[in-house]
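>>> got a sequence here, can you model it:
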Amino acid sequence: MYAVKTKKELGWVKSIFFSYLLITLVHLSANAQTTKYTISGTLKDKKTGETVIGGIVQIAELKGVGASTNEYGFYSITLVQGKYTVVVASLGYKKITKQIDLDKNISLNLSLEEDAAILAEVEVLSEKQDDRVTNAQAGVEKLDVKEIAKIPVFAGEKDIIKTLQLTPGIKSGGDGNAGFFVRGGAADQNLILLDEAPVYNASHLLGFFSTFNSDAIKDVTVYKGGMPSQYGGRLSSVLDVKMNDGNDQKYHVGGGIGLIASRLFVEGPIVKDRGSFIITGRRTYADIFLKATEDFKDASLYFYDLNLKANYRINDKNRIFVSGYFGKDKLGLSTFGLDWGNSTGTIRWNSIINPKLFSNTSFIYSNFNYNIFIKSGETDIAIKSKIRDFNLKQDFTYVFNPRSSLRFGFNSIHHTVTPGQIESNDASQNFAKLQDRYGLENALYLSHDWKPTQKLSIIYGVRLTSFGALGEGNFYTYDKEGKATDTTYYGTNKIVKNYINLEPRLSASYLLGKTNSLKAGYARNVQNLHLISNSTASTPTDLWILSSKNVKPEISDQISLGYYQNFKDNQYEFSSEIYYKDMQNQIDYKNGANTRANDKIEAELLFGKGRAYGIEFFLKKKYGKFNGWIGYTLSRTEKQINGINNGDWYAAKQDRTHDISVVGIYDLNKKWSFSASWVFNTGNAVTFPSGKYMVDGQTQYLYTERNGYRMPNYHRLDVGVTWFKKKTEKFESSWNFSCNNAYGRENAWIINFRQNENDPSKTEAVQTSLFRWVPSVTYNFKF
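Predicted structure coming up:
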């Protein structure tokens, strides 16, 4: 379904939406009882005051009855009146046991104390350890921030995106790119959130680093299968990153000093036990060294980022959060340069309306700008682009009982896109003014998390989205050849085109035994913001456009089926998922498209369909001195677009047949930890010339098949060693030594073609590689 245009279609949408609602209400009314009371509260870390995400609260007398804390540390359990034993546990914390007499609603806020020895108490955390098996949500990966610190990455900088790319189904954009592909989706089809704010380009220095400073990060979750209905706007995945709240007990300072970049953080209480703050900063200093050289003293080569967050607990039921991120890159010489940067801000209000109803209200700002600067003599030329969002989000969670909870709310986003305006200080150069484009994206969503039996868990929901392309500006109508046949002017905030889509979501798990399960899922996703790129993955100069009269929303339907198992006392976990994704309204360029400073860019585009399918395998050892994982993905991603390759199916740029990752971490003792990772993947699909011809003595290349060739296969070994030099109550420090690309593989970054100097009749391919070896040393500290 592309857009709702008729009463019949609108009636179909309403019938599905209200069918979901009716099923939910029937289930809830059947389970309603008047003799129940609720235990609710928040779990937090006793030492830092940080809320604990995913902590387990169990009722000892009732097998399988309990709850896990949400992303804000809140839990709620409704039970029949009586006396109970409440057991609270979370990985890395001491168990807490409380006796309660439930004859009224009880608020039970608890602080958990760290305990490194808790890993030995496997039975206490069995439900948490089995979560990957029992959780109804398929295709979910959660990263342990402490584990990330041990994995070797480029220049010794801990990087959540690079770590995610070591898991099956999530593929790297390649050297020099922080973009990633999830189950065949393009780089722009991933929704990247930092404290709920969208991040449009999550890379520094053309992808060698990501925008996420690990010192600021608390929790990382990626949904690569059927994402829950509270998420939307992208086809392939959601990367949900939560920032640390800051220590509300004591002040701390920490950071790291490396060969390329250094970082620093400060955190502490605003008012002890009520509010806290954290400020983290990071900057590279390659430009400082360049200034010492004669050839590059005027060059710019650096990035910085700054994370800030503060929170204050008004009372036991209300809490305010304010967070922001500011980052910028600058690369260039005296005659050419580019810069890009993200700015985000989130104001969030958590409210416990009653013991069963939790509310989160967020006002979110996001801005991504990217600029190119060219200097020729006295003439300065700038190409400026940006995306700016204002976002209001209201989210409710209602917990009926330990087996049933409802999540619902709405989301409204106003987009402004500036598509690459050219400006110059030379009045004689008359560049056409490109129009800003505006859009309003609204969504209502409803999701029911239901466990009808001990073995069966279901999450089903629906998301109803509306996108309106808005004026002010001229909008064009094109014929089949891409020529403008009509121009219509729309005033400010006038609706140019409106699309309404229904996005059903379903995910379920069925326990085959105590430690294994089957999972299945279906999800429809809709995307109204599109990245137009000739490169394999995202770069700062790519062009973003909104859905319009000519560009329809992209739509995907994904089905998946998976098998999950834990074994050897939950030390090992295995999973395998097979998926198929059908994609509508996929976009690609025409051959020879004019993409820069083009007010009629839509005339340069072609539209068609896509498909992605594959199977993923994942084996992980979680505990002990030696741990790590092996991931393998076998997949295919294709497009079929009229006007490209004679209308035949062809490989998408991000198509890779094989993708393998092996990660190992060995903790020799409390002082030394060794790690290594090895990756292999099939080369990206790429368009190379198939022949050549001469025009006025100049060689011209002939291109016949889009993405008909392959880059060479890619493989690389990274190794690292961490020496934990000192750890006391007041001070801790460590040294990290690593080497990226340890055996010096010269992987292809770019392949160009040129005439052979000795024989002009011959053409030779020239491979450019980036770095052969990248050793690094980083000193980390905290006091």
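
>>> can you give me the strands for the stretch 401-550 of the chain?
Secondary structure of the stretch 401-550 of the chain by DSSP state E, counting those that start in this stretch: the strands cover 404-424, 437-450, 456-470, 473-478, 484-490, 495-511, 516-527, 529-532, 543-546.

>>> can I get these in CSV with mean pLDDT?
Listed next are those as CSV, based on pLDDT from 0 to 100:
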stretch, mean pLDDT
strand 404-424, 91
strand 437-450, 96
strand 456-470, 96
strand 473-478, 91
strand 484-490, 92
strand 495-511, 95
strand 516-527, 95
strand 529-532, 90
strand 543-546, 90
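
>>> in space, not sequence, find me the middle residue of the chain.
Closest to where the C-alpha atoms of the chain average out (Cα atoms, centre = their mean) is Leu239, at 2.3 Å.

>>> surely it and Ile192 touch.
Yes: here Leu239 reaches Ile192: they are 4.8 Å apart, a contact under Cβ atoms under 8 Å. Using the backbone N, CA and C atoms, a C-beta is placed for each residue, glycine as well.

>>> report the distance from the helix or strand in which Trp340 is found to the chain centre.
Using DSSP states H and E, Trp340 maps to strand 336-354. Averaging C-alpha positions (Cα atoms, centre = their mean, to the nearest Å) puts strand 336-354 15 Å from its chain's average.

>>> what residues sit buried inside it?
337-346, 348, 350, 352 (16 or more other Cβ atoms under 10 Å).

>>> kindly reformat those as JSON lines containing pLDDT.
Below are the buried residues of strand 336-354 laid out as JSON lines (pLDDT from 0 to 100):
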{"residue": "Gly337", "pLDDT": "85"}
{"residue": "Leu338", "pLDDT": "84"}
{"residue": "Asp339", "pLDDT": "87"}
{"residue": "Trp340", "pLDDT": "89"}
{"residue": "Gly341", "pLDDT": "91"}
{"residue": "Asn342", "pLDDT": "94"}
{"residue": "Ser343", "pLDDT": "96"}
{"residue": "Thr344", "pLDDT": "96"}
{"residue": "Gly345", "pLDDT": "97"}
{"residue": "Thr346", "pLDDT": "97"}
{"residue": "Arg348", "pLDDT": "96"}
{"residue": "Asn350", "pLDDT": "95"}
{"residue": "Ile352", "pLDDT": "94"}
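
>>> and which of these is nearest to Phe753?
Leu338 (25.7 Å; Cβ to Cβ).

>>> excluding sequence neighbours, find me the nearest residue to that closest one.
Leaving aside its sequence neighbours, Leu338 sits nearest to Ile372 (Cβ to Cβ, 6 or more residues apart in numbering; 4.9 Å).

>>> what residues are up against the one you found?
By Cβ atoms under 8 Å, 6 or more residues apart in numbering, the residues touching Ile372 are Gly337, Leu338, Ala382, Ile383, Thr541.

>>> where does the fourth one fall, phi/psi-wise?
When quoted as degrees, to the nearest 10, the phi and psi of Ile383 stand at phi -110, psi 110.

>>> distance check, it against Leu619.
48 Å (Cβ to Cβ, to the nearest Å).

>>> higher neighbour count, those two?
Ile383 (19 against 16; other Cβ atoms under 10 Å).

>>> host element of the nearest residue to the more buried one once chain neighbours are set aside?
Once flanking residues are discounted, Ile383 sits nearest to Ile372: 4.2 Å by Cβ to Cβ, 6+ apart. According to DSSP H and E, Ile372 maps onto strand 357-376.

>>> next, the buried residues of that strand.
In strand 357-376, counting by 16+ other Cβ under 10 Å, buried: 358-360, 362, 364, 366-375.

>>> and that strand with strand 336-354, angle?
With axes from the mean of the first three to the mean of the last three Cα atoms, to 10 degrees applied, the angle from strand 357-376 to strand 336-354 works out at 170 degrees.

>>> and the residue lying closest to Pro198 once chain neighbours are set aside, what is it in contact with?
Excluding the flanking residues, the one nearest Pro198 by Cβ to Cβ, 6+ apart is Ser366, at 4.8 Å. Contacts for Ser366 (Cβ under 8 Å, 6+ apart) come out as Ala197, Pro198, Val199, Tyr200, Asn342, Ser343, Thr344, Gly345, Ile387, Arg388, Asp389, Asn391.

>>> wait, Glu764 sits on Phe753?
Yes: if you go by Cβ under 8 Å, Glu764 and Phe753 touch, sitting 7.2 Å apart.

>>> what is in contact with these two at once?
Between them, Glu764 and Phe753 share no contacting residue, judged by Cβ under 8 Å, 6+ apart.

>>> flag every buried residue along stretch 308-326.
Buried-residue list, stretch 308-326, by 16+ other Cβ under 10 Å: Leu308, Lys309, Ala310, Asn311, Tyr312, Arg313, Arg319, Phe321, Ser323, Gly324, Tyr325, Phe326.

>>> again with stretch 154-162
So stretch 154-162, judged by 16+ other Cβ under 10 Å, has buried residues Phe154, Ala155, Gly156, Glu157, Lys158, Asp159, Ile160, Ile161, Lys162.

>>> Serialize these to JSON lines and add fields for distance to Leu102 and pLDDT.
JSON lines is the format used below for those (distance: Cβ to Cβ, whole Å; pLDDT from 0 to 100):
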{"residue": "Phe154", "distance to Leu102": "53", "pLDDT": "73"}
{"residue": "Ala155", "distance to Leu102": "54", "pLDDT": "69"}
{"residue": "Gly156", "distance to Leu102": "52", "pLDDT": "70"}
{"residue": "Glu157", "distance to Leu102": "49", "pLDDT": "76"}
{"residue": "Lys158", "distance to Leu102": "44", "pLDDT": "82"}
{"residue": "Asp159", "distance to Leu102": "46", "pLDDT": "84"}
{"residue": "Ile160", "distance to Leu102": "41", "pLDDT": "87"}
{"residue": "Ile161", "distance to Leu102": "45", "pLDDT": "87"}
{"residue": "Lys162", "distance to Leu102": "47", "pLDDT": "86"}
